[in-house]
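> predicted model, plus sequence, below.
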Amino acid sequence: MVLAILYSLSPIDIAPDVLPIAGWADDILVLGTSALNLLQTYTQNPMRLCLPY
């Protein structure tokens, strides 16, 4: 999730933010996918996020 946030804030993207729809769409796609992955991991095993392995 941290990497997804850094990607969204980074000026270097797959589609630059200068292109209004495409620039925002890739950021939303990366953040949404990361959030869904985090949610799925948490619902399968809540303790997994607390343990380092």
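Sure, I can see it.
> tell me the spacing between Thr43 and Val18.
37 Å (CB to CB, to the nearest Å). Yep, even glycine has a C-beta here, placed from its N, CA and C like the rest.
> can you list the weak-confidence ranges in this structure?
In the predicted model, the chain carries pLDDT under 70 at residues 46-53.
> residue boundaries of the helices in it?
2-9, 20-44 (DSSP state H).
> what's next to stretch 1-16, contact-wise?
Residues outside stretch 1-16 that contact it (CB atoms under 8 Å, 6 or more residues apart in numbering) are 17, 22-23, 25-27, 30-31, 33-35, 38.
> just how off-centre is that stretch within its chain?
Relative to its chain's centre, stretch 1-16 lies at 8 Å (CA atoms, centre = their mean, to the nearest Å).
> nearest residue to the middle of the chain?
Taking CA atoms, centre = their mean, the centroid of the chain lies closest to Leu31, which sits 2.9 Å from it.
> how about that one: what's its closest non-neighbour residue?
Leaving aside its chain neighbours, Leu31 sits nearest to Ala4 (5.3 Å; criterion: CB to CB, 6 or more residues apart in numbering).
> and for Ala35?
Nearest to Ala35 is Met1, by CB to CB, 6+ apart, at 7.0 Å.
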